[in-house]
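[1] everything below, folded, please.
(chains A and B)
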Amino acid sequence: MLSTRHLTGIKNITEADIQLIFQTAEEFKEVINRPIKKVPSLRDMTVANLFFENSTRTRVSFELAERRLSADIVNFSASASSVSKGETLLDTVNNILAMKVDMVVMRHPAPGACAFLANKIKANIVNAGDGTHEHPTQALLDAFSMREHLGDLAGKKICIFGDILHSRVALSNIFCLQKLGAHVKVCGPPTLIPKHIGGLGVGVEHDVRKALEWCDVANILRIQLERQDIRYFPSLREYSQYFGINKALLDSLGKQILIMHPGPINRGVEITSDVADSEHSLILQQVENGVAIRMAVLYLLANQ
Amino acid sequence: MQNKVILIQNALILHPESSFHQKKMDVLIDGGMIKKIGSGLEKPSEATVISGEGAFLAPGFIDVGIQVCDPGMEHREDVHSAAAAAAFGGFTAVAVFPNTSPVLHSKSELAYIRKKSENLPVEFKVIGALTRDCKGEEISEMYDMHSAGAVAFSDGQKSIKNADVMLKSLHYVKAFGGLVMNHPFDKAVASGGQMHEGLTSTGLGMKGIPSISEELMLVRDLYLLEYSGSRLHATNISTAQSVELIRQAKSRGLQVSASVAAINLAFDDRAVEDFDTFMKVQPPLREQHDIEALKAGLQDGTIDFISSNHVPYDEEAKNLEFPYAEFGAIGLETAVAVANTYGGLSPEQLVEKFALMPRRVLKMELPKIAENVSAELTLFQPGLDWIYSSAEVFSKSGNSPFLGKKLRGKTLAVFNKGQSQIF
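    Numbers count the residues shown, from 1 in each chain, chains lettered A, B, ... in the order given. The predicted structure follows:
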């Protein structure tokens, strides 16, 4: 049993929760590699996917997970601006719940939006990304993928590269990896690193080479141009030159490190194609594991 | 209640300018006048008796800088509801900020507030808009508003962004000895900020309001003050460094005063941890060391007085995702109790911070405690524990983070303008 009814973030779940999700995901990973990929676990349950912000891969991944668990699905997509003009989030969700929905998977641009709902409605809530706060299933699938290659993550060194300031993935990754005993650093231009991040027990590095030399895994985040209302660095050209990761740089390290990226990739900006497509890249494996992790989360929450 | 005979028995009188200061006395009030002060006064047959045991009787408290929302947003608050909330909190007077619609920026808006409040037991003073429409561009007719009774000039919730406008204002009010009030907050370095910038905001992924957003503008204001030789009040400071800046400015002899909002003495930024929008206030809840510095500033006189920072918002503006909710909490009903609970202040200091110093800063006369003067008094029991419930929300808005919380110290009665209210 999980210690929570909702998955709003990694911060408020326990290490035992994380391990249980991993165990369950291993079983589901085996299921989705069978010829018949479906199990009846969530039959008779209705899941609403509420996406108040654009998303392709996360939404598809959740939808696949739900379908493979035989859940009924309702999809609701709206830009938050059109919702905020009229109906409030609470009203929108209550309307959907009045149609007897059991679980809500929500993406929303406001940090804390899932916690806000969790306090007010009965259905189980899964956070599929709330603004710059958390993206718990991404962190779980990232750690799950690392674990497949490195085994126990305790003592392993993971560096997160790029736009830490605007990233919910970074925050969830930090909480998740720390709970599993890993050491975490962040690396990027100082304008994209929160001033107080050190207080979370995270090392800070601005030199990409030094950070790569230190780590076992490089988790490279997308430059979120759409989240930047003002410029945090002068140009993409300069960014890729000084903070991007390319093959020559990796080859010069004299060791192999795993390359991860939550997608979608800005090829040639934070990561070059030859790195993204290399044998040490876990990027597509992350996508596969995403479905298994989300099946595990939905299954475990449904059984609360 | 009007023109009643009331006998307060055994109340400690706290008024440094009264000959009864720190004496336990009976006080007889008749027709809004203090008729008699003495020991063991005989109870007139028609008198209502209030026991003042454990309570103190002080000049009525005044709250400087409330959002009254009237005219313009009367569904959130109006002059009548603000008066009821103020009286319950122990205030016999309030000074309202000009952020109404229309803005309180000429003598006709002042007349509206005066007219609407004239029969209420709470006196309403106006802090006139420093700039037309509180837009921060052209200075308003401050001399005319001063002549019509405005006690100070400020754009209230809006900080004066333009240094030249600030400088011109500081210069201009010297003609009539006026006071400029500014809440130091440089929005540009707090772009999109939702709460204090620190470890808590980082862990919540929330954009922060760094302490320097306050301190930068305070430094600017103090430079402009020194240059102009005028008078300035820094409204609702919240950081340790701001306290230090005011302390240094005072020791250099600048005519500067400062206030702190009661809620900023009570909670630090961790109160926002579960995205409680009632804890979303401006200035934001800072850190524990800031609270300690603010309390030390109150002790040594660096911070002159405490405000309620009363900002009413309806449910529609607060029951939202955190970034979409408005900044502000109501505070009239609770500010004195909150300061008493969390501020580390003696009863004498409470009187100083809520009755004496705000009036001194605004150059207002202090109500007297003597025989044959009109009664403007607050009877407050500092040791009484109570739980603030929704039945005690007199404001039209209920956005208080103290609802359901235990507070120490409660107003027993207020007296002003010939009226009395006993709680």
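
[2] need the contact partners of stretch A:190-209.
    Outside of stretch A:190-209, the residues within contact range by CB atoms under 8 Å, 6 or more residues apart in numbering or on different chains are A:159, A:161-166, A:174, A:178, A:183-189, A:211, A:214, A:232-233, A:242-245, A:249, B:197-199, B:201-203, B:208, B:210. For the C-beta atoms, the positions are set from N, CA and C on the backbone; glycine is no exception.

[3] how about it, which residues are buried there?
    Of the residues in stretch A:190-209, A:Leu192, A:Ile193, A:Pro194, A:Lys195, A:His196, A:Ile197, A:Leu200, A:Val202, A:Val204, A:Glu205, A:Val208 count as buried by neighbour count, 16 or more other CB atoms under 10 Å in any protein chain shown.

[4] can you check stretch A:289-304 too?
    So, applying 16+ other CB under 10 Å, buried residues of stretch A:289-304: A:289-302.

[5] picking that back up, give the buried subset of the contacts of stretch A:190-209 as a PyMOL selection command.
    A single PyMOL command selects the buried members of these (16+ other CB under 10 Å):
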select buried, (chain A and resi 159+161+162+163+164+165+166+174+178+183+184+185+186+187+188+189+211+214+232+233+243+244+245) or (chain B and resi 197+198+199+201+202+203+208+210)
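
[6] among the contacts of stretch A:190-209, which lie within strands?
    Those of those mapping onto strands are A:Cys159, A:Phe161, A:His183, A:Val184, A:Lys185, A:Val186, A:Cys187, B:Gly208, per DSSP state E.

[7] what sits against A:Ile158?
    A:Met146, A:Asn173, A:Leu177, A:Ala182, A:His183, A:Val184, A:Lys185, A:Cys215, A:Asp216, A:Val217, A:Asn219.

[8] okay but B:Gly31 is in contact with B:Gly418, surely?
    Yes: B:Gly31 is in contact with B:Gly418 according to CB atoms under 8 Å; the separation is 6.7 Å.

[9] what about the two, which has more around it?
    Remark: of B:Gly31 and B:Gly418, B:Gly418 carries more neighbours, 17 against 12, as counted by other CB atoms under 10 Å in any protein chain shown.

[10] separation between the more buried one and chain A?
    Look at B:Gly418 and chain A: by CB to the nearest CB, to the nearest Å, they are 46 Å apart.

[11] cool, B:Ala262 as well?
    Distance from B:Ala262 to chain A, by CB to the nearest CB: 25 Å.

[12] got a list of what that residue touches?
    B:Ile306, B:Ser307, B:Ser308, B:Asn309, B:Gly331, B:Thr334, B:Ala335, B:Val336, B:Val338, B:Ala339, B:Tyr342, B:Gly343.

[13] mind checking which of the buried residues of stretch A:190-209 land in helices?
    A:Val208 (DSSP state H).

[14] pull the most distant pair out of the buried residues of stretch A:190-209.
    A:His196 and A:Val208 (22.3 Å; CB to CB).

[15] now do A:Met45, the pLDDT please.
    For A:Met45, the pLDDT comes out at 94.

[16] brain fart, A:Tyr239
    At A:Tyr239, pLDDT is 91.

[17] for A:Leu89, same thing?
    82.

[18] so it touches A:Cys114, yeah?
    No: the criterion here is CB under 8 Å, and A:Leu89 misses it with A:Cys114 at 10.3 Å.

[19] more neighbours: which of those two?
    The neighbour count for A:Leu89 versus A:Cys114, taken as other CB under 10 Å, is higher for A:Cys114 (30 against 23).

[20] do you know how far B:Ile50 is from A:Ala139?
    61 Å (CB to CB, to the nearest Å).

[21] more neighbours, these two?
    Taking neighbours as other CB under 10 Å, B:Ile50 and A:Ala139 compare with A:Ala139 leading, 27 against 21.

[22] next, the contact list for the closest residue to that one other than its chain neighbours, please.
    Counting by CB to CB, 6 or more residues apart in numbering or on different chains, A:Ala139 lies nearest to A:Ser172, which is 3.5 Å off, once chain neighbours are set aside. Residues near A:Ser172 by CB under 8 Å, 6+ apart: A:Gly9, A:Ile10, A:Glu134, A:His135, A:Pro136, A:Gln138, A:Ala139.

[23] counting neighbours, what do you get for the fifth one?
    Number of residues near A:Pro136 (other CB under 10 Å) recorded here: 32.

[24] surely it touches A:Ile125?
    No: A:Pro136 is beyond contact range of A:Ile125, at 11.0 Å (criterion: CB under 8 Å).

[25] any common contacting residues for these two?
    The contact lists of A:Pro136 and A:Ile125 share A:Leu7, A:Thr8, where a contact means CB under 8 Å, 6+ apart.

[26] does the closest residue to B:Leu130 other than its chain neighbours belong to a helix, a strand or coil?
    Excluding the flanking residues, the one nearest B:Leu130 by CB to CB, 6+ apart is B:Phe153, at 4.5 Å. Taken by DSSP: H, G, I helix; E, B strand; the rest coil, the conformation at B:Phe153 corresponds to strand.

[27] is it true that B:Phe153 touches B:Asp144?
    No: B:Phe153 is not in contact with B:Asp144 according to CB under 8 Å; the separation is 11.5 Å.

[28] which one's more surrounded, these two?
    B:Phe153 (28 against 13).

[29] and the more buried one, bridged to which residues?
    Under DSSP bridges, the beta-bridge partners of B:Phe153 are B:Gly128, B:Val180.

[30] and for the helix or strand that contains A:Leu97, what's in contact with it?
    In the assignment (DSSP states H and E), A:Leu97 maps to helix A:89-98. For helix A:89-98, contacts defined as CB under 8 Å, 6+ apart pick out A:48, A:50, A:52, A:74, A:76, A:78, A:83, A:87, A:104, A:106, A:108, A:113, A:116-117, A:120-123, B:319-321.

[31] hmm, 10 Å instead?
    A:46, A:48, A:50, A:52, A:74, A:76, A:78, A:80, A:83, A:86-88, A:101, A:104, A:106, A:108, A:110, A:113, A:116-117, A:120-123, A:125, B:319-321, B:324 (CB atoms under 10 Å, 6 or more residues apart in numbering or on different chains).

[32] whichever of those residues end up buried, select them in PyMOL.
    Applying 16+ other CB under 10 Å to the contacts of helix A:89-98, the buried members can be selected in PyMOL as follows:
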select buried, (chain A and resi 46+48+50+52+76+80+83+101+104+106+108+110+113+116+117+121+123+125) or (chain B and resi 319+320+321+324)
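
[33] out of the contacts of helix A:89-98, which sit inside strands?
    A:Thr46, A:Ala48, A:Leu50, A:Val74, A:Phe76, A:Val104, A:Met106, A:His108, A:Ile125.

[34] SS state for B:Glu214?
    helix.

[35] quick one: it and B:Val260 touch, right?
    No: here B:Glu214 lies out of contact with B:Val260, judged by CB atoms under 10 Å, at a distance of 11.8 Å.

[36] returning to that earlier point: buried set for the helix holding A:Leu97?
    Buried positions in helix A:89-98, judged by neighbour count with 16+ other CB under 10 Å: A:Leu89, A:Thr92, A:Val93, A:Ile96, A:Leu97.

[37] pull the most distant pair out of the residues you listed.
    Counting by CB to CB, the most remote pair of these is A:Leu89 and A:Leu97, 12.2 Å apart.
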